[in-house]
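Q: Give me a 3D structure for the following:
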Amino acid sequence: MDSIKIRLSSMMFLQFFIWGGWFVTLGTFLAQNLNADGPQTGMAFSTQSWGAIIAPFIIGLIADRYINAERLLGVLHLVGAVLMYLMYQATDFTTFYPLVLGYMLAYMPTLALVNSVSFGQLKKPELEFGQIRVWGTVGWIAAGLVISYLFGWDAQSAIAAGMLKNTFLMCAVASLALGLYSFTLPATPPAGKGSELKLGQLLGLDALAMLKDRNFALFFLSSILICIPLAFYYQNANPFLTAVGVENATGKMTLGQVSEVLFMLALPVFLNRFGIRVTLLLGMAAWVLRYVLFAYGDAGSGMWLLLIGIALHGICYDFFFVSGQIYTNSKAGSTYKSAAQGLITLATYGIGMLIGFSVAGQVTAAYTTASGQDWQQIWLFPALFAGAVLVLFALIFKNETVAVTGEKSGKSV
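A: Numbering: from 1, shown residues only. Down below sits the predicted model:
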């Protein structure tokens with residue numbers, strides 16, 4: 001690996017180490033350290049969605065026209081370091097919420113910026129980007145392993161002592177490091193300097209014409225709906241595993257990212273052999289199975305059910321979201337490629353997850369009593385919801401041929 005690739009891989013490692021270092025344990029931290037209830041937890045997690053909605057404006061208005069991508073990346077991570085440190089010091093939800101909202105508004109645009117910096121430096125990005133992006137997943141895994149097995153912050157006794165707040169301090173240091181490191185990266189000047197700004201292109205609205213296609217319209221709707229079960233995983237998985245007595249829960253959850261890497265390699269084979277319809281259906285079916293396993297698993301004899309549920313993350317994410325990005329790319333053609341990806345991202349990580357986190361918060365609150373959460377009922381809700389989306393999709397969506405060239409894409413979690 002040449003020096004440019006090593007530098008880009010280091011950037012990607014830190015980018016996702018930061019995210020994985022606090023987001024996975026956020027639900028547990030909110031409940032244990034700040035005594036947050038279900039709706040408040042949903043509000044905190046939904047800041048990711050607000051960041052995803054605002055991100056196109058920051059990238060389109062600033063990075064694409066006025067400032068080098070690596071410099072904006074550095075500024076945003078330095079701002080993030082300050083906000084992370086303040087989140088580490090927060091002692092109540094009222095103080096914490098505006099800080100996490102500000103942080104996600106700063107962080108979410110950096111997901112596109114690290115891609116822009118990478119694409120700007122690679123000679124053959126369509127072939128080489130996957131080699132860089134995989135280090136982001138490694139960074140996410142490393143964060144979970146550090147939390148569980150190096151520091152033990154998610155051990156039952158450590159959680160009771162409030163040690164999870166240290167994840168924010170760790171990520172503040174990492175964010176400071178990445179912020180300073182970004183200014184040493186090769187220059188990536190604004191590609192759209194002097195070009196006309198169109199709001200429709202900024203939000204991907206030019207691609208709305210694709211919704212005239214029944215298959216794509218159904219896929220678009222299903223993508224939004226399946227984000228509701230997805231939000232339950234992000235918001236509740238770590239608190240659930242901790243509550244039922246799973247030791248080193250954060251470290252064990254990295255099994256999902258390992259699975260993601262493996263199934264990313266298998267994805268082109270499935271798309272070529274079985275087609276987009278079967279691949280998407282397998283992804284949705286995995287969500288149903290995962291939540292059923294969570295509903296009936298436990299930290300004792302049912303531990304294997306929980307581990308399988310975590311390991312299904314690769315199928316859940318890759319077979320639906322990544323294959324969906326490939327499908328969207330193939331349907332868009334040259335005219336709407338960028339706009340279509342922007343639209344599907346806005347719909348899923350913006351609108352879909354915003355709804356999902358709210359629903360997850362309300363459902364969790366509905367099944368919470370003075371004695372704790374009824375986790376079986378909490379997990380059966382997204383299982384049934386994902387099952388309904390699966391049936392709808394299976395009945396209406398017609399198979400299509402999708403050209404697969406080994407694309408690797410997108411945000412990992």
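Q: the helices in the stretch 1-150 of the chain, which residues?
A: Remark: helices assigned in the stretch 1-150 of the chain by DSSP state H, counting those that start in this stretch are 3-20, 26-33, 38-45, 47-58, 69-89, 93-121, 125-145.
Q: Determine the set of other helices and strands touching the longest helix anywhere in the chain.
A: Ranked by residue count under DSSP state H, the longest helix found in the chain is helix 255-296. Applying 3 or more CB pairs under 8 Å, 6 or more residues apart in numbering; DSSP states H and E, we find helix 255-296 packed against helix 125-145, helix 214-243, helix 303-311, helix 313-316, helix 323-345, helix 375-396. To be clear about C-beta, it is placed using only N, CA and C from the backbone, and glycine gets the same treatment.
Q: hang on, the earlier thing: ok, which of the helices of the stretch 1-150 of the chain comes nearest residue 244?
A: With CB to CB as the criterion, residue 244 lies closest to helix 26-33 of the helices of the stretch 1-150 of the chain, at 12.1 Å.
Q: List the contacts of that closest one.
A: Outside helix 26-33, the residues that touch it by CB atoms under 8 Å, 6 or more residues apart in numbering are 22, 36, 40-41, 44-45, 93, 96, 154, 159-160, 162, 164-165, 167, 235-239, 242, 249.
Q: mean confidence score for stretch 382-393?
A: In this model, stretch 382-393 carries a mean pLDDT of 96.
Q: CA atoms only: put that stretch into PDB for me.
A: Extracted C-alpha coordinates of stretch 382-393, given in PDB (Å, rounded to 0.1, in the frame of the first residue of the first chain):
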ATOM      1  CA  PRO A 382     -39.800  -4.200  14.900                       C
ATOM      2  CA  ALA A 383     -39.900  -7.900  14.000                       C
ATOM      3  CA  LEU A 384     -43.500  -7.700  13.000                       C
ATOM      4  CA  PHE A 385     -43.000  -4.300  11.300                       C
ATOM      5  CA  ALA A 386     -40.100  -5.600   9.200                       C
ATOM      6  CA  GLY A 387     -42.200  -8.700   8.400                       C
ATOM      7  CA  ALA A 388     -45.000  -6.500   7.100                       C
ATOM      8  CA  VAL A 389     -42.600  -4.600   4.900                       C
ATOM      9  CA  LEU A 390     -41.200  -7.900   3.700                       C
ATOM     10  CA  VAL A 391     -44.600  -9.200   2.700                       C
ATOM     11  CA  LEU A 392     -45.500  -5.900   0.900                       C
ATOM     12  CA  PHE A 393     -42.200  -6.000  -1.000                       C
END
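Q: buried residues in that stretch?
A: 382, 383, 385, 386, 387, 389, 390, 393 (16 or more other CB atoms under 10 Å).
Q: Turn the residues you listed into TSV, including distance to residue 121.
A: Below are the buried residues of stretch 382-393 laid out as TSV (distance: CB to CB, whole Å):
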residue	distance to residue 121
382	40
383	43
385	42
386	39
387	44
389	39
390	41
393	39
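Q: before we move on, the earlier item: ranking the helices and strands packed on helix 255-296 by mean pLDDT, which is last?
A: Ranked by mean pLDDT, the helices and strands packed on helix 255-296 end with helix 323-345 in last place, scoring a mean of 74.
Q: Please find the angle between the direction vectors of the helix or strand just after that helix and helix 38-45.
A: Next along the chain after helix 323-345, taking DSSP states H and E as the criterion, comes helix 353-366. If you take axes from the mean of the first three to the mean of the last three CA atoms, to 10 degrees, helix 353-366 sits at 160 degrees to helix 38-45.
Q: Between helix 214-243 and helix 353-366, find me the angle.
A: 40 degrees.
Q: Next one: residue 162 relative to residue 352, how far apart?
A: Distance, residue 162 to residue 352, by CB to CB, to the nearest Å: 33 Å.
Q: Report pLDDT for residue 262.
A: Looking at residue 262, its pLDDT is 91.
Q: and the closest residue to it other than its chain neighbours, how many residues sit next to it?
A: The shortest distance from residue 262 to any non-neighbouring residue, by CB to CB, 6 or more residues apart in numbering, is to residue 314 (5.9 Å). Counted with other CB atoms under 10 Å, the neighbours of residue 314 add up to 24.
Q: cool, and the one 10 residues further on?
A: For residue 324, the count of nearby residues is 24 (other CB under 10 Å).
Q: one step back: and the helices and strands packed on helix 255-296 as TSV, adding distance to residue 187?
A: Formatted as TSV, those follow (distance: least, CB to CB, whole Å):
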stretch	distance to residue 187
helix 125-145	17
helix 214-243	35
helix 303-311	41
helix 313-316	36
helix 323-345	22
helix 375-396	44
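Q: from those helices, which stretch is densest packed?
A: Mean neighbour count, computed with mean count of other CB atoms under 10 Å, is highest for helix 313-316 among the helices and strands packed on helix 255-296, reaching a mean of 26.
Q: same for it, what does it pack against?
A: Judged by 3+ CB pairs under 8 Å, 6+ apart, helix 313-316 is in contact with helix 214-243, helix 255-296.
Q: Tabulate these (TSV), appending distance to residue 324.
A: Shown next, in TSV, are those (distance: least, CB to CB, whole Å):
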stretch	distance to residue 324
helix 214-243	6
helix 255-296	7
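Q: out of the ones you listed, which comes closest to residue 115?
A: Closest among these, using CB to CB: helix 255-296, at 16.1 Å.
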